[in-house]
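J.: The amino acid sequence is not available; the structure is as follows:
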C-alpha cells in the first residue's frame, strides 16, 4: 500500500501552503534573477536589454571576479578540511572516551548554536592587535615577533582566518553526524578485527572508517555545498577585506546588488552562483552514486 | 593491551587532548561572559586573559536600561515565534502528504523541496527585496518571517518526511475505516505521535532564526524592528572604536537564551539533526 489518501483536494490542502510559499520565495527569485541578468538596470534607470553583456563583463572585464571565484574554491576546500576533518577527529576522540561522552559532545557542539554575528565580534577581539588580544598574547610568549601579527588585516591571512572561524563554528555539526555513524558500527566487526590482532588504531583505519565512508562522502558534499554559499563570517569578520582578499562570491554579489545598486549585474553574478551550485550538486551525485549502491 | 604503562600514557594523552579541545571550544564564550564584567578602564589596562577586579554590572545595566537591546530582544522573539509556528504547520502538513498520501508525484515534490537545500539563499535576496519594497513588506516583521519560513521548509520537510515514513500505516488505516477525515487523523493521531520530531524541528528553527543575520540585515533597516544579531554591532563606532564592555554584555544576553534551551533540550536538537543526516 503506497498511500492512504488519494482524493486530490485532500492532498492539495495539505501540500499547497508549503508549496506556494516555497515556490514564491525560494524558486521564483532564482528564475527572476536569471531573467534580470540580461538587462542593464540599477533600479532607477530604464531597464535595457543587453543580452549577454553582463556575463561577458563579469568573465572578461571584471578584474575581481576570477580571484574571488578562486578564493571561494580555496575557502571551500579549507572548509572541507576544517569541518569534515575536524569533525571526524572530534568524533573519533569522543567515541574513544570511556565516560563523559555526552558532556563533551555537548561542549563541542556549543559553537554551532552561537550566531555568526556574535562569533565574529568575539573573534575580532580575540585576534586583535591593538590592544593585544589573547591569541597574540599567547603567541607572543612563544615568539615576541608573533605578538604583532594582525590576523584579519593581512591579505594573505584574512581568507584563512575566516575559514578557521567558520570551521570553528560549524565543525560540531559534522562531529555529531560522524559520532552517530561511528557508534553505529556493528560490534561484531570490531570484535572480529580485534581477534585477528588489530589494535585500536588499526581497527579505526581498516574497519570503522571504511564502514562509514558513505557518511564521510555525504558530509564532504554537504560542506562543499554549504561553503560555496558562505556569507556571514567573511562579511562580518573582515568585510571581505583587506581589499577583496577574503571576498567570496556570495558577498561579492550582495555588495554589487545592494551597495552599488547594479541590479542587472548583481543578478548575473547570482545566476552564475546558482549554476555553479547546481553543477557541483550534479557532479557530486554522479561521482558518488555508484559507490552508494 | 599488552603493555599497561604504555596504554596508561596513551589514555592520559587522549584525555589531555580532549580537555584541551573542549577548553578551546568554549573559551570564546567564557571570555565573553568574563569580559562583560570589565570596566572601560580594565579593557585598556588588564591583560586579555585576566579576570576583572570586581563584578562590575555597569555594562549590563547600561545595555538593559539605556540601549535598544531589550527592544531588539523582543523583535527577535516575535520573529522566531512566528517562524517556528509557520514552519511547523507548513512542514508537517506537507510532509504528511508526501510520506503517506497517494499521488503520482510524491518523490518529485520531495525532490523539489530538497533542491532548496542547495540554493544559495543570498541569490534570492535582491528579487525578494524589490518585490517586498513594492508590497511595503520591508521593515515589517512579516518581511523577515516570510523568507525565514520559506527557507526553513526544505530541511524541516526532509527531517519530517523521514520521520513520518516510519509511522505505522495500520493505525492510520484503522482510523480511516472508522470514518475519520484526513485532517482529523492528522491532528488527532499523527501530531500526537510526532512529539519528538516537532520538538526537534522547533528547536532547530529557533536556533537558526534567533541567529539569523542576513534576512534581518537585508529587510529591516528601521532601528525599531531590528533583531538581536544586528544589535550586537550597535556599539561598534564609525571609526573602528568599539565599546567592548557593552558589546560583550549584549553578546552574553543573546547567547544565554539559546544556551538555556540547548542545556535542557539539546538532545532533541542534536540527535534529530544527526539522525536525519545519517539516514539520508
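T.: Received, thanks. Since we're looking at a predicted model, the values are computed, not measured.
J.: show me the contacts for residue A:5.
T.: Residue A:5 makes contact with A:11, B:100-102, B:176, B:182 under the criterion CB atoms under 8 Å, 6 or more residues apart in numbering or on different chains. Quick note: C-beta positions are derived from backbone N, CA and C, even for glycine.
J.: Check which residues of the longest helix along chain A are buried.
T.: Looking across chain A with DSSP state H, the single longest helix is helix A:263-292. Burial within helix A:263-292, assessed by neighbour count using 16 or more other CB atoms under 10 Å in any protein chain shown, is assigned to A:263-274, A:276-277, A:280-281, A:284.
J.: pLDDT weak spots in the stretch 151-280 of chain B?
T.: Applying pLDDT under 70 to the stretch 151-280 of chain B flags residues B:238-240, B:271-280.
J.: Which single residue of it ends up nearest chain A?
T.: Nearest residue of the stretch 151-280 of chain B to chain A: residue B:211, at 3.5 Å (CB to the nearest CB).
J.: Residue A:250 versus that residue, what's the distance?
T.: Between residue B:211 and residue A:250 the distance, using CB to CB, to the nearest Å, works out to 17 Å.
J.: and what of residue B:127?
T.: Computed with CB to CB, the distance linking residue B:127 and residue A:250 is 15 Å.
J.: more crowded one of those two?
T.: Residue environment comparison for residue B:127 versus residue A:250 gives the larger neighbour count to residue A:250, 26 against 22, counting by other CB atoms under 10 Å in any protein chain shown.
J.: ok, now which ones touch that one?
T.: Applying CB under 8 Å, 6+ apart, one finds that residue A:250 lies in contact with A:229-231, A:273, B:120, B:122-123.
J.: and these, which two are the farthest apart?
T.: In the contacts of residue A:250, the most distant members under the criterion CB to CB are A:230 and B:123, with 13.3 Å between them.
J.: Just want to know which of these two has more residues nearby.
T.: Counted by other CB under 10 Å, residue A:230 and residue B:123 do not tie: residue B:123 has more neighbours, with 28 against 24.
J.: For that one, which non-adjacent residue is closest in space?
T.: The shortest distance from residue B:123 to any residue other than its chain neighbours is 3.9 Å, reached at residue A:270 (CB to CB, 6 or more residues apart in numbering or on different chains).
J.: And for residue A:252?
T.: Beyond its immediate neighbours in the sequence, the residue positioned closest to residue A:252 (CB to CB, 6+ apart) is residue A:68, lying 5.1 Å away.
J.: now the helix or strand harbouring the one you found and helix A:263-292, what's the angle there?
T.: When elements are defined using DSSP states H and E, residue A:68 is found to belong to helix A:65-79. Relative orientation of helix A:65-79 and helix A:263-292, computed by axes from the mean of the first three to the mean of the last three CA atoms, to 10 degrees: 40 degrees.
J.: What's the mean pLDDT across the longest helix of chain A?
T.: Along helix A:263-292, the predicted local confidence has a mean pLDDT of 80.
J.: Show me what it is packed up against.
T.: Contact analysis of helix A:263-292 by 3 or more CB pairs under 8 Å, 6 or more residues apart in numbering or on different chains; DSSP states H and E lists helix A:28-36, strand A:39-40, helix A:53-56, helix A:213-227, helix A:249-254, helix B:125-134 as its packing neighbours.
J.: Quick check: next helix or strand after the fourth one?
T.: By that I understand helix A:213-227. Stepping forward along the backbone from helix A:213-227, the first helix or strand reached (DSSP H and E) is helix A:232-237.
J.: So what touches that next one?
T.: Everything outside helix A:232-237 that qualifies as a contact, by CB under 8 Å, 6+ apart, is A:75, A:116-117, A:119-120, A:123-124, A:152, A:159, A:161-162, A:165-166, A:169, A:240, A:246-248, A:251, A:254, B:213-214.
J.: coming back round to it: wait, the residue of the stretch 151-280 of chain B closest to chain A touches residue A:115, no?
T.: Yes - the pair residue B:211 / residue A:115 is scored as a contact, 3.5 Å apart, by CB atoms under 8 Å.
J.: For these two, list the residues in contact with both.
T.: Between them, residue B:211 and residue A:115 share the neighbouring residues residue B:229, with contact defined by CB under 8 Å, 6+ apart.
J.: who's in contact with the residue nearest to residue B:123?
T.: By CB under 8 Å, 6+ apart, the contact set of residue A:270 is A:33, A:37, A:253, A:257, B:120, B:122-123, B:126.
J.: And the closest residue to chain A within the stretch 1-150 of chain B, its phi and psi?
T.: Nearest to chain A in the stretch 1-150 of chain B, going by CB to the nearest CB, is residue B:102, at a distance of 2.5 Å. When quoted as degrees, to the nearest 10, the phi and psi of residue B:102 stand at phi -110, psi 100.
J.: Neighbours of it, how many?
T.: 14.
J.: which residues of the stretch 1-150 of chain B fall in helices?
T.: Counting by DSSP state H, counting those that start in this stretch, the stretch 1-150 of chain B has helices at residues B:4-35, B:40-45, B:58-66, B:69-100, B:106-115, B:125-134, B:141-164.
J.: Can you name every helix or strand that the second one contacts?
T.: In this case it means helix B:40-45. Packed against helix B:40-45, as judged by 3+ CB pairs under 8 Å, 6+ apart, are the following elements: helix B:244-279.
J.: Off-centre distance for the helix it packs on?
T.: Shown here is helix B:244-279, whose average C-alpha point lies 7 Å from the average C-alpha point of the whole chain (CA atoms, centre = their mean, to the nearest Å).
J.: One more: stretch B:214-233?
T.: So, by CA atoms, centre = their mean, the centroid of stretch B:214-233 is 16 Å from its chain's centroid.
J.: in it, what counts as buried?
T.: Neighbour-count burial for stretch B:214-233 flags B:214-220, B:225-233 (criterion: 16+ other CB under 10 Å).
J.: Can you pull up the most central residue in chain A?
T.: The centroid of chain A falls nearest to residue A:227 when counting by CA atoms, centre = their mean (2.3 Å).
J.: now swap in chain B and tell me
T.: residue B:207 (1.4 Å).
J.: contacting residues for the closest residue to residue A:50 other than its chain neighbours?
T.: The shortest distance from residue A:50 to any residue that is not its chain neighbour, by CB to CB, 6+ apart, is 4.6 Å, and that residue is residue A:40. Taking CB under 8 Å, 6+ apart as the definition of contact, the neighbours of residue A:40 are A:47-50, A:53-54, A:264.
J.: Now with 6 Å, please.
T.: Contacts of residue A:40 were listed using CB atoms under 6 Å, 6 or more residues apart in numbering or on different chains, and they are A:48, A:50, A:264.
J.: Check residue B:246 too.
T.: With contacts defined as CB under 6 Å, 6+ apart, the neighbours of residue B:246 are B:59, B:62-63, B:235.
J.: do you know how far the residue lying closest to it once chain neighbours are set aside is from residue B:58?
T.: Leaving out its chain neighbours, the residue that sits closest to residue B:246 by CB to CB, 6+ apart is residue B:235, at 4.5 Å. According to CB to CB, residue B:235 and residue B:58 sit 13 Å apart.
J.: who's more crowded, the two?
T.: Regarding residue B:235 and residue B:58, a neighbour count based on other CB under 10 Å identifies residue B:235 as having more, with 22 against 14.
J.: For residue A:170, see how far away that one is.
T.: Between residue B:235 and residue A:170 the distance is 26 Å, computed by CB to CB.
J.: quick revisit: so what sits against both of residue B:235 and residue B:58?
T.: Shared contacts of residue B:235 and residue B:58 (CB under 6 Å, 6+ apart): none.
J.: Near chain B, which residues of the stretch 151-293 of chain A are found?
T.: A:176-177, A:180-181, A:225, A:229, A:231-232, A:250, A:254, A:257, A:266, A:270, A:273-274, A:277, A:281 (CB under 6 Å from any CB of the partner chain).
J.: how about a cut-off of 8 Å?
T.: Applying CB under 8 Å from any CB of the partner chain, we find that the stretch 151-293 of chain A lies next to chain B at A:168, A:172-173, A:176-177, A:179-181, A:184, A:199, A:215, A:218-219, A:222, A:225, A:228-229, A:231-232, A:236, A:250-251, A:253-254, A:257-258, A:263, A:266-267, A:270-271, A:273-274, A:277-278, A:281.
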